[in-house]
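Participant: A structural model of the following input is requested.
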Amino acid sequence: MTFTRSATAVGAAVALAAAAAGITGCGSSSPSKSSSSASIPAKLVIWRMGNAVPSQETWLDGVVAQWKKADPQYKNTKVVTDWIPWTDNGTDWTNALTSGKGGPDITEMGNTETPGLAAQGALANITSDVKSWSNGSQLIPGNLANDTVNGQNYGVPWFGGVRGIWYNKDQFAAAGITSTPTTWAELVSDAQALMKKYPGTYGIGAPTDYTDAIVSFIWGAGGQVAVQQNGKWVAELTSPASEAGIKFYADLLLTDHVSSSKYIGETELGAPGASGAGGTDEDFALGKLDMYIDGPWAESSLESVSTKNEAQWASFPIPSENGPNPAPAFAGGSDLGVWINSKYKAADWSLISFMDNTANATAFANSQGFFPEFTSQLTSPAYANSQLLAGFAKAAGYTQISPLNSKNWGTADTSQYNIIPNMMKALESGANFQSTVSTANTELQNVLNTGTETG
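Facilitator: You can find the predicted model right below:
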């Protein structure tokens, strides 16, 4: 997983060939119980995703030194990092698994990829290790759930990031807004107050091609995009709660008039593929948009547009329908897992437990502009006292991901069908609500289960 300035927060989805229908029998050997667990490896190979980053390699060198000092039996083990481009990882994982050759010992994977890899039988079952791990109880439950298939753990969360709402503290104060909104009604009221105080601006942007933001409003009403039942995906866009979230987002333009029609057909970056083309990001940086949905990773891009209001930038979580807790945010991030064909599963887990302990994972996340996966850290002064990061850190404690872990999610949402963006584009353009959502629901269910709209 890598966060880039794109509409997708989690990199390319893995194309897993011939994924198993179920998880039974897949990756059943736990590292702590492996017959080869007594072996001391001469070398461990870690697959990292993306391009080589020197600061990350320096961090890993420090972690490996800690590991060897704490567990001297591995003092002569060489740890090698292979960097795998996100666009190649699906092919590389599948080739390594089917051939039984050239695979890693430990692999990073985007959190949308973990369930598919587990279903393919590529990951070892590390349930007993996670349960006995001293740091395990601190993991954000929603993120660990993504690594859990049929009650068994096949990975652990490593780092992540979430979307929230950017705003300008001075503008809030000038408009008489004394606290950030925690309900949808307050969000609209504040947007209207800001537009009244600053004529010519829009209160909050509602781009149509922005599924990772739209799903928070579905979840914030208590709805779901889709759920798994008896091994099948059942789309739930037409449930009353989901429809409430969809309607609220569309009505930011249609009824409340706090968003602009210019954002129809756009991502948060503007026209798809045209970064810097006047999307909500650029409009917020220029002061043309009062509130803007994105993650903390957007800061450098906003600065490249304008630093005029930078000192006043702050954040709050996307509100739920009725508060007081935030709406769940889509959790983008990376996980760590043990490769099923590794001969050194005990050593693999031992090193993962150092890479992902509270101190090391937090240091890594902070150095790269992400958040650690531990609830205790999200409330630390480093985040709580940060004007910009406090809202995002709070949002990171309330996350969901399903069905973004479906092997066909990329096809449904970001590849050939773009079902939710096209649904929202039609709605914000005035299409009939019930028929548009119903059609999208049918298409989504078909694609999640079969890979095609016709089922």
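
Participant: buried sites along the one helix or strand residue 290 maps to?
Facilitator: Per DSSP states H and E: residue 290 is located in strand 289-294. Using 16 or more other Cβ atoms under 10 Å as the test for burial, strand 289-294 gives 289-294. Backbone N, C-alpha and C define where each C-beta goes, glycine included.

Participant: Also stretch 444-455?
Facilitator: Residues 444-449, 453 are the ones in stretch 444-455 that count as buried (16+ other Cβ under 10 Å).

Participant: Let me see the contact set for residue 347.
Facilitator: Residues counted as contacts of residue 347 (Cβ atoms under 8 Å, 6 or more residues apart in numbering) are 39-41, 44, 74, 77, 105.

Participant: Tell me the most packed of the residues you listed, by neighbour count.
Facilitator: residue 105 (23 neighbours; other Cβ atoms under 10 Å).

Participant: What does it show for phi and psi?
Facilitator: Here is the backbone geometry of residue 105 (degrees, to the nearest 10): phi -100, psi -40.

Participant: mind listing what's buried in the lowest-mean-pLDDT helix or strand in the chain?
Facilitator: Least confident helix or strand, the chain: helix 141-145 with a mean of 83, by mean pLDDT, DSSP states H and E. Neighbour counts over helix 141-145 (16+ other Cβ under 10 Å) mark 142-145 as buried.

Participant: Over to stretch 211-223?
Facilitator: For stretch 211-223, by 16+ other Cβ under 10 Å, it's 211-223.

Participant: now do stretch 142-159
Facilitator: By 16+ other Cβ under 10 Å, the buried positions in stretch 142-159 come out as 142-149, 152-159.

Participant: send the alpha carbons of it over as PDB?
Facilitator: C-alpha atoms of stretch 142-159 as PDB (Å, rounded to 0.1, in the frame of the first residue of the first chain):
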ATOM      1  CA  GLY A 142     -11.500  -2.800  12.800                       C
ATOM      2  CA  ASN A 143      -8.100  -3.100  11.100                       C
ATOM      3  CA  LEU A 144      -7.200  -6.500  12.700                       C
ATOM      4  CA  ALA A 145     -10.600  -7.700  11.500                       C
ATOM      5  CA  ASN A 146      -9.500  -7.200   8.000                       C
ATOM      6  CA  ASP A 147      -6.700  -9.800   8.600                       C
ATOM      7  CA  THR A 148      -9.200 -12.200  10.100                       C
ATOM      8  CA  VAL A 149     -10.800 -14.800   7.900                       C
ATOM      9  CA  ASN A 150     -13.200 -17.400   9.400                       C
ATOM     10  CA  GLY A 151     -12.000 -16.400  12.800                       C
ATOM     11  CA  GLN A 152      -8.300 -17.000  12.000                       C
ATOM     12  CA  ASN A 153      -5.600 -14.400  11.600                       C
ATOM     13  CA  TYR A 154      -3.500 -14.300   8.400                       C
ATOM     14  CA  GLY A 155      -1.700 -11.000   9.000                       C
ATOM     15  CA  VAL A 156      -1.400  -8.000  11.300                       C
ATOM     16  CA  PRO A 157      -2.000  -4.300  10.500                       C
ATOM     17  CA  TRP A 158       1.200  -2.300  10.200                       C
ATOM     18  CA  PHE A 159       0.400   1.300   9.400                       C
END
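
Participant: tell me how far that stretch is from the chain's mean position?
Facilitator: How far stretch 142-159 lies from its chain's middle: 13 Å, per Cα atoms, centre = their mean, to the nearest Å.

Participant: Repeat that for stretch 217-226.
Facilitator: Distance, centroid of stretch 217-226 to centroid of chain: 16 Å (Cα atoms, centre = their mean).

Participant: Can you get me the start-to-end distance on it?
Facilitator: 14 Å (Cα to Cα, to the nearest Å).

Participant: among the buried residues of stretch 444-455, which are in helices?
Facilitator: Using DSSP state H, the members of those that fall in helices are 444-449.

Participant: Export those residues to a markdown table and append columns for pLDDT.
Facilitator: Formatted as a markdown table, those follow (pLDDT from 0 to 100):
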| residue | pLDDT |
| --- | --- |
| 444 | 97 |
| 445 | 97 |
| 446 | 96 |
| 447 | 95 |
| 448 | 94 |
| 449 | 94 |
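
Participant: Name the nearest of those residues relative to residue 360.
Facilitator: Of all these, residue 360 sits closest to residue 448, with 36.1 Å by Cβ to Cβ.

Participant: tell me the contacts of the closest one?
Facilitator: 226, 233, 235, 403, 406, 408-409, 412.

Participant: among those, which one has the lowest pLDDT?
Facilitator: Ranked by pLDDT, the contacts of residue 448 bottom out at residue 406 (75).

Participant: show me the contacts for that one.
Facilitator: Counting by Cβ under 8 Å, 6+ apart, residue 406 touches 115, 226, 233, 412, 448.

Participant: so how far is residue 74 from it?
Facilitator: 37 Å (Cβ to Cβ, to the nearest Å).

Participant: Where do the domain boundaries of the protein fall?
Facilitator: Following automatic domain parsing, one gets these domains for the chain: 31-160+332-389, 164-329+408-450.

Participant: quick one: the last one to chain centroid distance?
Facilitator: Per Cα atoms, centre = their mean, the displacement of domain 164-329+408-450 from the mean C-alpha position of its chain is 15 Å.

Participant: Name the nearest of the buried residues of strand 289-294 relative to residue 179.
Facilitator: Checking these one by one against residue 179 (Cβ to Cβ), the nearest turns out to be residue 291, at 14.2 Å.

Participant: ok, that closest one - contacts?
Facilitator: Neighbours of residue 291 in contact, by Cβ under 8 Å, 6+ apart: 165-167, 187, 190-191, 194, 203-205, 284.

Participant: mind running it again at 10 Å?
Facilitator: When contacts are counted by Cβ atoms under 10 Å, 6 or more residues apart in numbering, residue 291 touches 165-168, 171-172, 180-181, 187, 190-191, 194, 201-205, 258-259, 280, 284, 315-316.

Participant: Phi and psi next, for the residue nearest the centre of the chain.
Facilitator: Centroid-nearest residue in the chain, with Cα atoms, centre = their mean: residue 332, separated by 1.4 Å. Main-chain torsions, residue 332, degrees, to the nearest 10: phi -90, psi 140.

Participant: pretty sure it contacts residue 110?
Facilitator: Yes - counting by Cβ atoms under 10 Å, residue 332 does reach residue 110; the two are 7.8 Å apart.

Participant: low-confidence ranges in this protein?
Facilitator: Within the chain, the segments meeting pLDDT under 70 span 1-38, 273-277, 405, 455.

Participant: helices or strands up against the helix or strand containing residue 194?
Facilitator: Per DSSP H and E: residue 194 is located in helix 184-197. Contacts defined by 3 or more Cβ pairs under 10 Å, 6 or more residues apart in numbering; DSSP states H and E place helix 184-197 against strand 164-168, helix 169-174, strand 202-204, helix 240-254, strand 289-294.

Participant: re the thing from before, for the residue nearest to the centre of the chain, list each beta-bridge partner.
Facilitator: For residue 332, the beta-bridge partners are residue 161 (DSSP bridges).

Participant: all helices for the stretch 351-455 of the chain, in order.
Facilitator: Assigned by DSSP state H, counting those that start in this stretch, the stretch 351-455 of the chain shows helices spanning 358-368, 375-378, 381-384, 389-396, 409-413, 419-428, 433-450.
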